[in-house]
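J.: What follows is a predicted protein model with its sequence.
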Amino acid sequence: MARIRTTGNPLVAAAIALAVAAAGAAVWGGVSRYEAAHDESAAYAQARDDALAAGEQAVQNMNTLDHRRLEQGLDSWADSTTGDLHRQLVDGRDAFVKQIKEAKTVSTAQILSGAVTELDDRAGRAGVMVALRVTVTAPKGKPAVKESRMIGQLTRTAEGWKLSALGQAPVGNTAG
């Protein structure tokens, strides 16, 4: 076995030490990357983030409707929902179209904040609470602005997370 003489040249010793340190850092980085990619908490956090993003978008969609683009808006509602909520929207669509065309209103929603309140990733269910500001503009008069909180239930479908229930969150102090 050949032996490398380093006593005569400090640069060779420094190069060897640097190569060993670099190899150690590469191994540590590779192991860390593998662990992060296979970490269940990272997958859970990603599922939570996906549910929140879908929930916020769906709540915004459900609170935005322009009588001039009614079919597009109602299609957005349908695309954002599943289950009983979806069936209610589809079954009541004709009556709703008539109401909105008569009222000639435009409503736009802006998400202020949101949070996942529950997540069962295995069952494909999640809950969200979303704070939003809705502006409703009628043909005559000034726009009416209202801030509210909504609670939604999400179900994971083949197309991703969709709203399966939506309602107003209680406001105020409910303690006796």
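T.: Okay, I see it.
J.: which residues does residue 153 bridge with?
T.: residue 127, residue 165 (DSSP bridges).
J.: who touches it in this structure?
T.: Residues counted as contacts of residue 153 (CB atoms under 8 Å, 6 or more residues apart in numbering) are 125-127, 163-166. (C-beta placed from N, C-alpha, C; glycine too.)
J.: mind checking how far the helix ranked longest in the chain is from the chain centre?
T.: Across the chain, the longest stretch assigned as helix under DSSP state H is helix 10-37. Put simply, helix 10-37 sits 38 Å off its chain's centre (CA atoms, centre = their mean, to the nearest Å).
J.: Let me know the average pLDDT across that helix.
T.: For helix 10-37, the mean per-residue pLDDT is 80.
J.: What's the first helix or strand after it?
T.: helix 40-62 (DSSP states H and E).
J.: List the buried residues in that next one.
T.: Within helix 40-62, the residues that count as buried by 16 or more other CB atoms under 10 Å are 47, 50-52, 54-62.
J.: List the contacts of it.
T.: For helix 40-62, the surrounding residues in contact (CB under 8 Å, 6+ apart) are 36, 76-77, 79-81, 109-111, 114-116, 119, 121, 126, 128, 130, 132, 150, 152, 154, 156, 160-163, 166.
J.: Find the residue at the geometric middle of the protein.
T.: residue 53 (1.2 Å; CA atoms, centre = their mean).
J.: Return the distance of it relative to residue 12.
T.: In this view, residue 53 and residue 12 are 55 Å apart by CB to CB, to the nearest Å.
J.: contacts for the helix or strand containing residue 77?
T.: According to DSSP H and E, residue 77 maps onto helix 70-79. The contact list for helix 70-79 (CB under 8 Å, 6+ apart) reads 61-62, 64-66, 86, 89-90, 93, 96-97, 100-101.
J.: now swap in stretch 24-39 and tell me
T.: residue 42.
J.: buried ones in it?
T.: Result for stretch 24-39 [16+ other CB under 10 Å]: no buried residues.
J.: what residue ranges in this structure score low on pLDDT?
T.: Flagging of the chain using pLDDT under 70 yields the residue ranges 1-8, 36-39, 173-176.
J.: mind redoing it with 50?
T.: Low-confidence segments of the chain, defined by pLDDT under 50, span residues 6.
J.: and the end-to-end length of stretch 68-86?
T.: Start and end residues of stretch 68-86 are separated by 22 Å (CA to CA, to the nearest Å).
J.: list the buried ones in that stretch?
T.: 73-74, 76-78, 80-82, 85-86.
J.: Could you export those residues as CSV, including distance to residue 31?
T.: Shown next, in CSV, are those (distance: CB to CB, whole Å):
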residue, distance to residue 31
73, 51
74, 52
76, 46
77, 48
78, 47
80, 42
81, 44
82, 41
85, 46
86, 46
